[in-house]
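A.B. asks: my questions concern the predicted model and sequence given below.
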Amino acid sequence: MKKMLTVVIGILGAIVLFSWVWNPQLFKIAWYQKPQVDTYQHFPLRVVKASTEPFNFSNDKSKGHTLDSLLVKNWEGTEVRFDDYFKKGDLLAFLVIRNDTLIYERYGQDYKKMKISNTFSIGKSMISILVGKAIDQGLIRNTNQKIIEFLPEFKHIEGFDKLTIHDLLNMKSGLKFKRVGDGIISDLFSDEAKFYYTNNLKRDLLNVKMDTIPGTGWKYSNLDPLLLTWLLEKATGQKVSEYFEKEIWKPIGAEYDASWGIDREDGLENSPSSFQCTAIDLAKIGRLFLHNGEKDSLKILPSDWIYRSTRISKDNRINTSKGLQKATHQYYWWLPQTGFEGDYSAEGLRGQRLYVNPNEKIVIVQFANRGYGGYPYRTISNHFATKPLSLKTPMDSIQNHGTRSN
């Protein structure tokens, strides 16, 4: 029996070794499968340093305890107490900030304020922010520029001569991209898994193919933000992590280091699915948007870019209709189309959320191991909307600045 067990273990070991040698990327997909919030720790990272002068929110949790008994809707549309929503969704962190004041702060078991977690697709929204910054600095002329002006490596691929930055920001590249969700075997060979676990993003990007004419149809894809990541590297002459640290992370007053996952040492950031940070610092991105791109008197991001990112374009209304709020997708933000318009969110796998409600001056951050679905953020915003409003909205800023430019 012992001898047979040894043989079985030996055979399994040989299979594992052969799989690794034959196709390391496929082996990683099979081994890690759907990534957890801490899977990023097994791969190379590029650190984004915190500010030496961190910004701190005011603190008043005198009414925060009332949230736990508030009824909110889960993924089925069923009303549950927020306390149950937190527990059943295996939430790691939940912050509510109104008028720059932290009014609710709760962490899961063994989770702390300073703990870093993968925000997954929220990284896409960070790339959108950087495109706006690069345009503001004149490193990119406008969103109508063709990407081959920055990435001539793609001239040989049919259709790339028509592809613009605008197309990529709206996920209308027309590139073939197979997502996971059609079964285990299918997922193993999906583009989504391939580009998450690859050790050479640029090589794999150079092998993509067009499926439809750029600009003609929306399709959720990690290829579009990856191409923008490479484009930003070319336009700025810096790694995206370095550019983000200098122009966004330090200026907003981040208290803790963040990181981007990279495909290999000195490689490209895996921007669509591996941006890691603390919940409290992610809230400062929301604050930046509430304050029209400014921190105190420092202009960090053009208010015009915030408007263009978060006000639904008529061309994007039919992109998709996600969840009870029937959200569409634009510039890598999710924009609800039911009830009222004006709030928006950056969203990531397993329930990562950054929600901004300019009407109520509220920012909500949710980190989770899996999440409990639904869209409770409007209900929570209304629950805490009891104080006079004072901040300008992005719409006010645009009206004050006049017409918008590319």
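C.D. replies: Nice, thanks for sending it over. Numbering: from 1, shown residues only.
A.B. asks: hang on, Gly77 is in a strand, isn't it?
C.D. replies: No - under DSSP: H, G, I helix; E, B strand; the rest coil, Gly77 sits outside any strand and is assigned coil.
A.B. asks: quick one, what contacts it?
C.D. replies: 324, 374 (CB atoms under 8 Å, 6 or more residues apart in numbering). Heads up, the C-betas are built off the backbone N, CA and C, glycines and all.
A.B. asks: is it correct that Phe154 is in contact with Ile148?
C.D. replies: Yes - between Phe154 and Ile148 there is a contact under CB atoms under 8 Å: 5.6 Å.
A.B. asks: off-centre distance for stretch 222-238?
C.D. replies: 15 Å (CA atoms, centre = their mean, to the nearest Å).
A.B. asks: so which residue is dead centre in this protein?
C.D. replies: Ile122 (1.0 Å; CA atoms, centre = their mean).
A.B. asks: look up phi and psi at that one.
C.D. replies: phi -60, psi -20 (degrees, to the nearest 10).
A.B. asks: same check on Pro336?
C.D. replies: phi -60, psi 150.
A.B. asks: please report the distance of the residue nearest to it when sequence neighbours are not counted from Asp343.
C.D. replies: Among residues not flanking Pro336 along the chain, Gln325 sits closest, at 3.8 Å (CB to CB, 6 or more residues apart in numbering). For Gln325, the distance to Asp343 equals 9 Å [CB to CB, to the nearest Å].
A.B. asks: ditto for Gly371
C.D. replies: 18 Å.
A.B. asks: on the three-state scheme, Val365 is what?
C.D. replies: strand.
A.B. asks: so Leu268 sits against Leu201, correct?
C.D. replies: Yes - Leu268 lies in contact with Leu201 (CB under 8 Å); the separation is 4.5 Å.
A.B. asks: Gln330 is in contact with His166, isn't it?
C.D. replies: No - look at Gln330 against His166 with CB under 8 Å: they stay out of range, at 10.8 Å.
A.B. asks: neighbour count for the two, which is higher?
C.D. replies: Taking other CB atoms under 10 Å, Gln330 and His166 do not tie; Gln330 has more neighbours (24 against 17).
A.B. asks: and that one, bridged to which residues?
C.D. replies: Trp333 (DSSP bridges).
A.B. asks: now for it: which residues touch it?
C.D. replies: 169-170, 309-310, 312-313, 316, 319.
A.B. asks: show me what Leu102 bridges to in the sheet.
C.D. replies: Under the criterion used (DSSP bridges), Leu102 bridges to Asn59, Ile97.
A.B. asks: any idea how far Val363 is from it?
C.D. replies: 10 Å.
A.B. asks: next one: Gly159
C.D. replies: Applying CB to CB to Gly159 and Val363 gives a distance of 39 Å.
A.B. asks: Met355 in helix, strand or coil?
C.D. replies: That one is not Met; residue 355 is Tyr. strand.
A.B. asks: I figured it hits Pro336, correct?
C.D. replies: No - using CB under 8 Å, Tyr355 makes no contact with Pro336, being 10.1 Å away.
A.B. asks: overlap in contacts of those two?
C.D. replies: Common neighbours of Tyr355 and Pro336 (CB under 8 Å, 6+ apart) are 343-344.
A.B. asks: please name the bridge partners of Leu298.
C.D. replies: Lys295.
A.B. asks: that one - how many residues pack around it?
C.D. replies: With other CB under 10 Å as criterion, Leu298 counts 10.
A.B. asks: is there a neighbour count for Asp315? I'd like the number.
C.D. replies: 13.
A.B. asks: with Arg378 instead?
C.D. replies: So Arg378, with other CB under 10 Å, has 23 neighbours.
A.B. asks: please apply the same query to Gln109.
C.D. replies: 7.
A.B. asks: what kind of secondary structure is it in?
C.D. replies: Quick answer, by three-state DSSP: Gln109 is coil.
A.B. asks: for Glu360, same thing?
C.D. replies: coil.
A.B. asks: run through the bridge partners of Lys146.
C.D. replies: Thr164.
A.B. asks: low pLDDT regions in the protein?
C.D. replies: The chain contains residues with pLDDT under 70 at 1-34, 180-189, 386-406.
A.B. asks: walk me through the domains of it.
C.D. replies: Under the assignment automatic domain parsing, the domains of the chain span 2-32, 40-401.
A.B. asks: sorry, back to before: surely the residue nearest to the centre of the chain meets Leu349?
C.D. replies: No - when contacts are counted by CB under 8 Å, Ile122 is not listed as touching Leu349 (9.4 Å).
A.B. asks: ok so, going back, looking at Gly159 and Val363, which is more packed in?
C.D. replies: Neighbour comparison, Gly159 and Val363: the larger count goes to Val363, with 28 against 16 (by other CB under 10 Å).
A.B. asks: distance of the nearest residue to the more buried one once chain neighbours are set aside relative to Gln238?
C.D. replies: Of all residues not flanking Val363 in the chain, Gly286 sits nearest, at 3.5 Å (CB to CB, 6+ apart). Distance from Gly286 to Gln238, counting by CB to CB: 25 Å.
A.B. asks: repeat for Ile262
C.D. replies: Applying CB to CB to Ile262 and Gln238 gives a distance of 14 Å.
A.B. asks: which of these two has more neighbours?
C.D. replies: Ile262 (22 against 16).
A.B. asks: ok, now which ones touch that one?
C.D. replies: Neighbours of Ile262 in contact, by CB under 8 Å, 6+ apart: 43-46, 241, 268-270.
A.B. asks: wait, doesn't the residue nearest to Pro336 sit right on Gly373?
C.D. replies: No - using CB under 8 Å, Gln325 makes no contact with Gly373, being 11.7 Å away.
A.B. asks: what touches both of the two?
C.D. replies: Shared contacts of Gln325 and Gly373 (CB under 8 Å, 6+ apart): none.
A.B. asks: overlap in contacts of Phe154 and Ile148?
C.D. replies: Contacts common to Phe154 and Ile148, judged by CB under 8 Å, 6+ apart, are 160, 163.
A.B. asks: ok so Gly261 is a helix residue?
C.D. replies: No - read with three-state DSSP, Gly261 is strand and lies in no helix.
A.B. asks: since that was my last question, I'll sign off now.
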